[in-house]
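Student: Please find the sequence and the predicted model below.
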Amino acid sequence: MDEKNENKNNQENYPTQFNTLLKEVFDLFGETSSRMRSKIHIREMRSSLIRGMQTQEDYAIIMLGPYLWASREDIEHNRADIFISREYGYYLMQLSKKHKFSYDDAISTINHMKQVYTKSKNKFKNKIHSQLLCMVSVYAKYLLTIR
């Protein structure tokens with residue numbers, strides 16, 4: 001296979017890999033949450049993201065990849081406290097306008113995920129960290145194929 005076809009195949013594969021990792025993150029949060037209300041918010045946001053991914057395969061990687069990339073050092077060094085204390089209002093407002101999803105639902109889901117993460121054991125936190133590292137890696141490879 002020539003290099004051009006290989007790059008095209010990789011470019012198509014990276015959004016799929018990213019989507020799989022993202023779904024797994026939502027599944028982990030949904031399974032770990034002890035509160036039904038949190039489970040519902042997380043499940044609804046996951047469903048909304050899946051609908052976007054089904055419509056446009058690179059939906060999630062385009063929407064979330066730049067944020068993960070900008071936060072890669074904090075992710076790499078496992079600085080979860082930064083993510084827990086950070087306010088996401090402005091970023092989510094911009095995303096909700098651009099990608100047409102409910103800002104209020106997104107804020108609520110993020111807050112539920114923060115609560116679940118804060119109350120969870122290290123085993124769960126390590127899994128989330130591992131998933132985020134993989135997502136940053138996939139996004140970096142994706143960036144190389146689109147340039």
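Tutor: Thanks, I have the structure now. Numbers count the residues shown, from 1 in each chain.
Student: Which residue comes closest to the residue most central in space within the chain once chain neighbours are left out?
Tutor: With distances taken as CA atoms, centre = their mean, the residue of the chain nearest its centroid is Leu22 (4.8 Å). Spatial nearest neighbour of Leu22, excluding adjacent residues (CB to CB, 6 or more residues apart in numbering): Ala60 at 5.4 Å. Bear in mind the C-beta positions are built from the backbone N, C-alpha and C, glycine included.
Student: and the host helix or strand of the one you found, what other elements does it pack with?
Tutor: Assigned by DSSP states H and E, Ala60 falls within helix 59-70. Under the contact definition 3 or more CB pairs under 8 Å, 6 or more residues apart in numbering; DSSP states H and E, helix 59-70 sits against helix 3-32, helix 36-55, helix 89-99, helix 122-146.
Student: Show me the shaky parts of this structure.
Tutor: The model of the chain has pLDDT under 70 over residues 1-12.
Student: picking that back up, for the residue nearest to the centre of the chain, list the residues it contacts.
Tutor: Shown in contact with Leu22 (CB atoms under 8 Å, 6 or more residues apart in numbering): Leu49, Ala60, Leu64, Met135.
Student: do the same with Leu132
Tutor: Neighbouring residues of Leu132 by CB under 8 Å, 6+ apart: Val25, Leu68, Ile75.
Student: now swap in Gly89 and tell me
Tutor: Ile107.
Student: does Met93 really touch Tyr103, like I thought?
Tutor: Yes: at 5.7 Å, Met93 and Tyr103 qualify as touching, with contact defined as CB atoms under 8 Å.
Student: Which helix or strand contains Glu57?
Tutor: Judged by DSSP H and E, Glu57 forms part of no helix or strand.
Student: how deep is the nearest residue to it once chain neighbours are set aside tucked in, by neighbour count?
Tutor: The shortest distance from Glu57 to any non-neighbouring residue, by CB to CB, 6+ apart, is to Pro15 (4.8 Å). Close neighbours of Pro15, defined as other CB atoms under 10 Å, add up to 21.
Student: Tell me which of the helices and strands packed on helix 59-70 sits nearest to Ile107.
Tutor: With CB to CB, the closest approach to Ile107 among these belongs to helix 89-99: 6.0 Å.
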